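*Asks:* any chance you could fold what I've pasted below:
(one chain, ligands or ions: 2)
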Amino acid sequence: MATTLVTNIKLLVNTLEKNKLLRGKELAKLPCIGNAYVIIEDGIITGKGSSNEIQHPTSKFSRIIDAEGQMVLPAWCDSHTHLVFAASREEEFVDKIRGLSYADIAAKGGGILNSARKLNAASENELFTKAWKRLEEVSKQGTGAIEIKSGYGLTVEGELKMLRVVKKLKEKSTLPIKATFLGAHTYPLEFKDSHQGYIDLIMNEMLPVIGKEKLADYIDVFCETGFFSPEETEMICRAGMRYGLKPKIHANQLNLSGGTQTGVKLNALSVDHLETMDDDAITTLAKSNTIGTLLPSAAFFLRMPFQPARRLIDAGCAIALASDFNPGSSPSGNMNLVVAMSCIQMKMLPEEAINAATINGAYAMELEKEVGSISIGKKANLIFTKPVPSLAYLPYAFGSNLIDKVMINGEYI
Ligand code: NIG
Ligand code: FE
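*Replies:* Ligands and ions are numbered 1, 2, ... in the order given. Here you go, the predicted model:
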């Protein structure tokens, strides 16, 4: 058995003793151990504590790592991404800089439909190779568990192709991965005037295959004015639920779309985005078991107001942070930046942001038994920082690469 001792850790971060989804004030409590050690056996955390209390003879270990000056954190749990896509969309980015609106870009065939056209023209192998590179990139940036959505197919073949790519990523990657079916991302052009026709395609042609081949864990809908209404969202989610897919939905991004209330009604695992929230949406979410997942890099990239994290936390909501990695609204899957933005622009405390990006992110993927904290029995998916003066330095010095190494299942990547 490979047994590793990591000693001299300046600060071991998020050493949660008892798994718990954190809400409201609890988010600010981040358990840490100074001058710490961790023991890893066959990729699993089996011991931790203060370095001067190590009970074991050092001869017991097959490997000893001296983490002098470094902090060790649980790897980020990124619970909302769209990282399978065929091509980037920087031409739209420049068009927007030049003053074109969302509607102008859509009229030029841009946006989600642009990605869908390119995805349908790409082979499964090509998509896999590109997604694999992105997965490698984000894992080097500290992501140790991830959720990936479909939604750029918008045809039976395209959606199934995307989910098969995710399935292959699950098989080949050492990262825990969850798959979400987002057939209801937008209406394809041919169903512009027949929304029910596309919904029927989702329910009658896509879901049965997804259910049979076990291609997804969750179902997502873009519940938004001009996209899917709350009623359509509910119909699609309930159809997914019949195949065992829990809802995790895009809600309240651009408008008070009713997505949060619909998600809560359906007992969704999470409602994600939440840039546009009123008191009713906030109190409904606070009283529920549904997690509110904030995606600050999408707000940043689209030049929108950031999510009202303080109001959500003060109301007692359970908050997670995720990257929304996608070619249209967040062409970055860097969770270090997400954590920094949430502190800088949303006034989350560093402790709140780290909890939201680790243990609560794990809950938002139902992976809390495996990842999200440095706890006995969980995977040794860990971030080793460069020497830093304090925990708050991590979001403060945004843009500096403060990660020295990342470990997945007890092995450096
Ligand atoms: O989560 N909001 C909807 N979907 C994506 C962006 C879609 C795109 O432009 O490709 C998001 O932001
Ligand atoms: Fe998204």
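*Asks:* and L30, how far is that from ligand 1?
*Replies:* Noted for L30: a distance of 28 Å to ligand 1, by C-beta to the nearest ligand atom, to the nearest Å. For glycine as for every other residue, the C-beta is placed from the backbone atoms N, C-alpha and C.
*Asks:* which of the helices or strands spans the closest residue in space to that residue that isn't next to it in sequence?
*Replies:* The shortest distance from L30 to any non-neighbouring residue, by C-beta to C-beta, 6 or more residues apart in numbering, is to E351 (3.8 Å). Applying DSSP states H and E as the criterion places E351 in helix 350-357.
*Asks:* what does that helix contact?
*Replies:* Applying C-beta atoms under 8 Å, 6 or more residues apart in numbering, the external contacts of helix 350-357 come out as 13-14, 22, 27-30, 73, 76-78, 294, 309, 313, 319-322, 335, 338-339, 342-343, 348, 391-392, 394-395.
*Asks:* also stretch 261-270?
*Replies:* Applying C-beta under 8 Å, 6+ apart, the contact partners of stretch 261-270 are 79-80, 218, 223, 230, 233-234, 237-238, 241, 246-249, 251, 271, 280-281, 284-285, 287-293, 320, 364, 366.
*Asks:* if I pick the residue of the chain found nearest ligand 1, what's in contact with it?
*Replies:* Distance from ligand 1 to each residue of the chain (C-beta to the nearest ligand atom) is smallest for G328, at 2.1 Å. Residues in contact with G328 (C-beta under 8 Å, 6+ apart) are R89, E92, G111, I112, S115.
*Asks:* kindly indicate the member of these with the most neighbours.
*Replies:* S115 (25 neighbours; other C-beta atoms under 10 Å).
*Asks:* so what's that residue closest to, chain neighbours aside?
*Replies:* Counting by C-beta to C-beta, 6+ apart, the residue nearest S115 is Y152, at 4.4 Å.
*Asks:* just the contacts of G328: which are in strands?
*Replies:* Assigned to strands by DSSP state E, none of the contacts of G328 qualify.
*Asks:* need the max-distance pair from the residues you listed.
*Replies:* E92 and I112 (10.9 Å; C-beta to C-beta).
*Asks:* related to what we said a few turns ago, redo the contacts of G328 as CSV? Include distance to ligand 1 and pLDDT.
*Replies:* CSV is the format used below for the contacts of G328 (distance: C-beta to the nearest ligand atom, whole Å; pLDDT from 0 to 100):
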residue, distance to ligand 1, pLDDT
R89, 7, 97
E92, 8, 96
G111, 5, 94
I112, 5, 96
S115, 5, 98
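*Asks:* does the residue nearest to S115 touch P188 like I think?
*Replies:* No: the pair Y152 / P188 is not scored as a contact, 11.0 Å apart, by C-beta atoms under 8 Å.
*Asks:* if you count what's nearby, which of the two comes out ahead?
*Replies:* Y152 (31 against 19).
*Asks:* which residues touch the more buried one?
*Replies:* H82, V84, F85, A86, I112, S115, A116, K118, L119, G158, M162, H185.
*Asks:* give me the three-state assignment for it.
*Replies:* coil (DSSP: H, G, I helix; E, B strand; the rest coil).
*Asks:* roughly how far does it sit from C343?
*Replies:* The gap separating Y152 from C343 is 31 Å, by C-beta to C-beta, to the nearest Å.
*Asks:* any shared contact partners between Y152 and P188?
*Replies:* If you check Y152 and P188 against C-beta under 8 Å, 6+ apart, the residues they both contact are A116.
*Asks:* export the least confident helix or strand in the chain by mean pLDDT as CSV, just CAs?
*Replies:* The weakest-scoring helix or strand in the chain, judged by mean pLDDT, DSSP states H and E, is helix 102-107 (a mean of 81). Written as CSV, here are the backbone C-alpha positions of helix 102-107 (Å, rounded to 0.1, in the frame of the first residue of the first chain):
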residue,chain,number,x,y,z
TYR,A,102,-26.9,40.4,-27.8
ALA,A,103,-29.8,40.6,-30.2
ASP,A,104,-27.5,41.9,-33.0
ILE,A,105,-25.2,39.0,-32.4
ALA,A,106,-28.1,36.5,-32.4
ALA,A,107,-29.4,38.0,-35.7
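*Asks:* next one: it to chain centre, how far?
*Replies:* 27 Å (C-alpha atoms, centre = their mean, to the nearest Å).
*Asks:* OK, contacts around R164?
*Replies:* Neighbour list for R164: E124, L215 [criterion: C-beta under 8 Å, 6+ apart].
*Asks:* buried residues, the helix or strand harbouring it. List them.
*Replies:* Element membership for R164, per DSSP H and E: helix 156-172. The neighbour-count check on helix 156-172 (16 or more other C-beta atoms under 10 Å) flags G158, E159, L160, K161, M162, L163, R164, V165, V166, K167, K168, L169 as buried.
*Asks:* domains in the chain, by residue range?
*Replies:* Split into domains by automatic domain parsing, the chain comes to 3-74+374-412, 77-363.
*Asks:* out of the ones you listed, deepest packed?
*Replies:* Across the domains of the chain, averaging neighbours per residue (mean count of other C-beta atoms under 10 Å) puts domain 77-363 on top, at a mean of 21.
*Asks:* for the stretch 1-150 of the chain, which segments count as strands?
*Replies:* 3-13, 32-41, 44-50, 63-66, 71-74, 76-78, 143-149 (DSSP state E, counting those that start in this stretch).
*Asks:* confidence score at Q55?
*Replies:* Looking at Q55, its pLDDT is 79.
*Asks:* repeat that for T58.
*Replies:* For T58, pLDDT reads 80.
*Asks:* quick one, what contacts it?
*Replies:* L5, I64.
*Asks:* next one: the one 4 residues further on
*Replies:* S62 makes contacts with M1, A2, T3, T4, as judged by C-beta under 8 Å, 6+ apart.
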